[in-house]
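>>> Predicted model and sequence follow; I will ask about them next.
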Amino acid sequence: MNDAIHSDYLLSDLLLDVIDPTWYWQSDGGENYQVEGEGYNRILTPLFSVDELVLTGEEFRERITTTRHYVITAALKAFLVKEDIVDILDFHDFEISSCQLAIIIMDTGFVSIYLKDELMIQQFVENAYNKGCTSIKIINEDHAFPPPHLTI
């Protein structure tokens, strides 16, 4: 991923043109912060706290578009129906669930995104290139070694 993508709105840059506002988002908390202020006067508060593990699509969209943020680690998963939210530990769990998108961010610059819909994959890749991402690789389960996984 190119440093150009490391804006104050990383998640918005990556996801806004791709996500559906009706999805429900599950967060693991991770290490990610809302940023208020500048320089030494910055205040960092959790972007996704462990107290709010599920956000509506509108809450998620508002959070990533109106709040400057810095994401070190995050595991975010989008589901069609709130009642269908389940723990996803590996690629097989992702495939058999109603989860539509999973995004794993590790160490601010290593981003893995799992998508099921072919059109959405194309939209995401085009959006990512337009936002300055590099080193985009599309990997399916048949060509991945080791096999894709979702845990961080």
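Done, it's in. Numbering: from 1, shown residues only.
>>> dump the residue contacts of Leu47.
Applying C-beta atoms under 8 Å, 6 or more residues apart in numbering to Leu47 gives the contacts 32-34, 63, 67, 69, 71, 74. C-beta here means a position set from N, CA and C on the backbone, and glycine is covered the same way.
>>> ok, 6 Å please
Listed by C-beta atoms under 6 Å, 6 or more residues apart in numbering, the contact set of Leu47 reads 32-34, 69.
>>> Now pLDDT, secondary structure and distance to Val54 too, for those residues, in JSON lines please.
Listed next are the contacts of Leu47 as JSON lines, based on pLDDT from 0 to 100; DSSP: H, G, I helix; E, B strand; the rest coil; distance: C-beta to C-beta, whole Å:
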{"residue": "Asn32", "pLDDT": "88", "secondary structure": "strand", "distance to Val54": "16"}
{"residue": "Tyr33", "pLDDT": "88", "secondary structure": "strand", "distance to Val54": "20"}
{"residue": "Gln34", "pLDDT": "88", "secondary structure": "strand", "distance to Val54": "18"}
{"residue": "His69", "pLDDT": "88", "secondary structure": "strand", "distance to Val54": "18"}
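>>> ok, the residue minimising distance to the centre of the chain to Glu62 distance?
Closest residue to the average C-alpha location of the chain: Ile103 at 3.4 Å, with C-alpha atoms, centre = their mean. Taking C-beta to C-beta, to the nearest Å as the measure, Ile103 falls 17 Å from Glu62.
>>> circling back: would you turn the contacts of Leu47 into CSV with neighbour count and distance to Leu14?
Formatted as CSV, the contacts of Leu47 follow (neighbours: other C-beta atoms under 10 Å; distance: C-beta to C-beta, whole Å):
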residue, neighbour count, distance to Leu14
Asn32, 22, 13
Tyr33, 19, 17
Gln34, 16, 17
His69, 23, 12
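>>> and of the residues you listed, the nearest to Leu44?
Closest approach between the contacts of Leu47 and Leu44, by C-beta to C-beta: Tyr33, at 4.0 Å.
>>> What number of residues are in the vicinity of the residue lying closest to that closest one once chain neighbours are set aside?
Leaving out its chain neighbours, the residue that sits closest to Tyr33 by C-beta to C-beta, 6 or more residues apart in numbering is Leu44, at 4.0 Å. The burial count assigned to Leu44 is 13, neighbours taken as other C-beta atoms under 10 Å.
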